[in-house]
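Trainee: Need coordinates for the following:
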Amino acid sequence: MTPDLKTERLVLRTVRSEDVFPIFMCWMRDPDVSRYMWWKASDDINEARNFVRFELENLGNDRWNRWVIVTKDRKEVIGTCLLFWNEEEGHFDISYNLGKKYWGRGYVTEAMKRVMRYGAEALGMKECVTSCAEENKASARVLEKLGFQYVKDIPYECGGGELITTGKLYLWRQG
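Mentor: Predicted coordinates for the structure are as follows:
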């Protein structure tokens, strides 16, 4: 079971059924947020419902750890972060997204530092592999702050397959 985690400014908690509307309003309908993500923004709230349903179904899956990022002070849902075992490729992987109005405040780096610590301490994670679109400079900076090292360029699919671009593959190894 994915535990709640805390940082100085944030609470990372599991998804709840009442998160559908905040998730939809904060980022799922925003094409700027989804621009370099695997999924595509949608004006259909059912997409948020399906996302929440999937996450609720995976709460007991110890290889899938999704957290909703909530501000401590205002209790606002501002994004999500994910640490999962990529069965197909045989390694841990991460993902994160943040509502546009919260960009540039260090929230993702703060949340993901805590997630990476959890992965190393609780899950025995020794290394993690992830990627981001070459154009997504902000995400690349987050990965570098987390200690990931660039490995190579790879094909990268965004927006539900509408954009194929160059991705940057990164590797993190426990110090």
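
Trainee: since we're on residue 161, how many residues are nearby?
Mentor: 9 (other Cβ atoms under 10 Å). No exception for glycine: its C-beta is placed from N, CA and C like everyone else's.

Trainee: ok, it to residue 5 distance?
Mentor: Computed with Cβ to Cβ, to the nearest Å, the distance linking residue 161 and residue 5 is 32 Å.

Trainee: same thing with residue 119?
Mentor: Counting by Cβ to Cβ, the gap from residue 119 to residue 5 is 11 Å.

Trainee: same question, residue 120
Mentor: According to Cβ to Cβ, residue 120 and residue 5 sit 13 Å apart.

Trainee: okay, residue 119 and residue 5: which has more neighbours?
Mentor: residue 119 (23 against 19).

Trainee: if you skip the residues just before and after it, what's nearest to that one?
Mentor: With sequence-adjacent residues excluded and distances taken as Cβ to Cβ, 6 or more residues apart in numbering, residue 119 is closest to residue 125, at 3.8 Å.

Trainee: Can you give me every residue that contacts the one you found?
Mentor: 83, 92, 116, 119, 174 (Cβ atoms under 8 Å, 6 or more residues apart in numbering).

Trainee: The fourth one reaches residue 82, doesn't it?
Mentor: No: judged on Cβ atoms under 8 Å, residue 119 makes no contact with residue 82 at a distance of 10.9 Å.

Trainee: any residues in contact with both of the two?
Mentor: Common neighbours of residue 119 and residue 82 (Cβ under 8 Å, 6+ apart) are residue 65.

Trainee: Now do the worst-scoring helix or strand of the chain on mean pLDDT: which elements does it pack against?
Mentor: For the chain, the helix or strand with the lowest mean confidence is helix 31-34, at a mean of 86 (criterion: mean pLDDT, DSSP states H and E). With contacts defined as 3 or more Cβ pairs under 8 Å, 6 or more residues apart in numbering; DSSP states H and E, the secondary structure elements packing on helix 31-34 are strand 91-98.
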